[in-house]
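Colleague: Sequence and computational prediction follow.
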Amino acid sequence: MEYSVGIIGVTGYTGQELLRILRRHPSVSIGYLASRRLSKPEPVGKLLPEFRADRKLLIEPYDPSKIAGRCDLVFLALPHGEAMKLAPILLKKSGLSVIDLSGDFRIKDKTVFRKAYGFAQSDAQGLKSSAYGLTELFRESIRNARLIANPGCYPTASLLALAPLAQQKLLPAEGVIIDAKSGVSGAGRSAKDDLQFCEVNEDMRAYKVGTHQHTPEMEQALGWISKKKTTLTFTPHLVPLNRGMYVTAYVPLAKKISFAAVSELYNSFYDDEPFVRILPEGVWPQVKTVAGTNDCEIGLYLDPSGKRLTVLSAIDNLGKGASGQAVQNMNLLFGLPETTGIRIGHEGQ
Ligand SMILES: NC(=O)c1ccc[n+]([C@@H]2O[C@H](COP(=O)([O-])OP(=O)(O)OC[C@H]3O[C@@H](n4cnc5c(N)ncnc54)[C@H](OP(=O)(O)O)[C@@H]3O)[C@@H](O)[C@H]2O)c1
């Protein structure tokens with residue numbers, strides 16, 4: 001069976017990455033691509049030269065009435081605050097599912113949401129019915145939802161790194177430090193002065209220290225897994241890479257453990273997960289080995305006390321951190337193998 005899918009916001013970085021993956025997906029056809037920049041349908045190559053060899057595929061001005069009957073599922077690849085306006089309209093069409101890549105439906109507590117994003121969450125029904133789309137950790141609720149809140153990129157890398165500890169009650173209530181780095185595509189495509197090439201090249205800087213909206217998203221998900229409140233110290237940094245994300249989490253363990261036990265915990269937790277690789281002792285993740293894929297690599301270091309664990313995790317912010325994971329969630333919703341149409345590892349590996 002072939003499913004028809006749409007992308008709203010296809011001209012952005014995550015929208016383009018979705019199109020790259022979905023054009024090669026064996027069970028999907030592209031039913032609708034939308035951009036605000038057009039007043040009439042145009043070949044995709046007009047706005048996205050990378051795809052100009054495809055002369056039949058069109059981008060259209062956004063019109064929700066056109067989606068009914070043309071799509072089984074729509075990806076919203078829009079800035080925060082836009083999906084909460086569109087999702088309620090789209091979900092009125094029976095049989096249509098929505099995967100939102102923004103933060104609009106990730107944080108369930110409206111007060112926490114307002115503090116994190118600086119504006120109110122206005123779609124209470126969507127917030128209640130949506131599933132948090134970190135596939136490996138919340139598969140069952142994703143399978144049964146029509147609206148998926150695809151996770152943030154930092155939360156994806158960090159939660160995959162910390163989930164086995166949270167599930168085994170090894171994560172302390174406080175004292176966990178997440179030091180994280182992102183490539184510049186993580187900030188989106190819209191031009192901003194401080195993201196120009198000359199500003200970011202040869203530089204490295206922290207941003208939103210103590211105030212990043214992904215902190216409450218991660219604390220919420222860890223609470224769901226461990227059934228207790230966890231407070232994190234999270235510091236994001238911008239590094240001069242196009243794509244890629246690296247998380248180093250420092251964890252004072254709730255009890256002493258051996259390296260063999262912690263390694264066994266991670267390996268058994270992710271044993272059946274095709275996109276998560278636990279690296280052997282002394283081998284550390286690299287952005288280069290995950291860039292362009294939907295993979296997450298995790299490395300572990302336990303200091304000699306047996307009480308302080310360092311967990312290192314690398315993903316592609318546009319892959320597992322956004323569009324790759326969104327397609328993984330789409331496969332799950334359609335009842336397809338999660339790996340369908342998604343690359344594992346690099347060519348030649
Ligand atoms: N970049 C990442 O690594 C990443 C990772 C995880 C999650 N996300 C989230 O995914 C969403 C999309 O991110 P992105 O990086 O693809 O963003 P982006 O590159 O800035 O693209 C967003 C697209 O949304 C469209 N749009 C529609 N309404 C808009 C409005 N009111 N203001 C500005 N643009 C509007 C624009 O396309 P038209 O002008 O053609 O309509 C734009 O190309 C964001 O919510 C982001 O936080 C991003």
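Modeller: Cool, got the structure.
Colleague: Taking the chain, what residue is nearest to the ligand?
Modeller: Residue nearest to the ligand within the chain: Gly12 (1.9 Å; C-beta to the nearest ligand atom). In short, each C-beta sits where N, CA and C put it, glycine included.
Colleague: ok now do that residue, which residues does it touch?
Modeller: Going by C-beta atoms under 8 Å, 6 or more residues apart in numbering, Gly12 touches 77-78, 188-190.
Colleague: Let's test this: what are the backbone torsions at Ala145?
Modeller: Dihedral pair for Ala145: phi -110, psi 160, per degrees, to the nearest 10.
Colleague: Surely it and Ala131 touch.
Modeller: Yes: here Ala145 reaches Ala131: they are 3.6 Å apart, a contact under C-beta atoms under 8 Å.
Colleague: Report the entries of the contacts of Gly12 that also contact the ligand.
Modeller: By C-beta under 6 Å from any ligand atom, the members of those lying near the ligand are 77-78, 188-190.
Colleague: With neighbour count and pLDDT as new columns, can these be given to me in CSV?
Modeller: Listed next are the ones next to the ligand among the contacts of Gly12 as CSV, based on neighbours: other C-beta atoms under 10 Å; pLDDT from 0 to 100:
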residue, neighbour count, pLDDT
Ala77, 29, 98
Leu78, 22, 97
Gly188, 15, 94
Arg189, 14, 92
Ser190, 9, 87
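Colleague: Just the ones of the residues you listed in helices?
Modeller: In helices, judged by DSSP state H, none of the ones next to the ligand among the contacts of Gly12 are found.
Colleague: thinking Pro151 is in contact with Ala131, fair?
Modeller: No: using C-beta under 8 Å, Pro151 is not in contact with Ala131; the gap is 10.8 Å.
Colleague: How about the residues of this protein by the ligand?
Modeller: By the rule C-beta under 6 Å from any ligand atom, the part of the chain lying against the ligand is 9, 11-15, 35-37, 77-80, 82, 101-102, 152-153, 185-186, 188-190, 317-318, 321-322.
Colleague: Show me which parts of the helix or strand where Lys46 lies are buried, residue by residue.
Modeller: With secondary structure defined by DSSP states H and E, Lys46 is part of helix 44-47. Buried residues in helix 44-47, counted by 16 or more other C-beta atoms under 10 Å: 44, 47.
Colleague: Does the helix or strand immediately after it in the chain pack against any helices or strands, and if so which?
Modeller: Using DSSP H and E, the helix or strand that follows helix 44-47 towards the C-terminus is strand 58-61. Secondary-structure packing of strand 58-61 (3 or more C-beta pairs under 8 Å, 6 or more residues apart in numbering; DSSP states H and E): strand 28-35, strand 42-43, helix 44-47.
Colleague: Many thanks, I have nothing further to ask.
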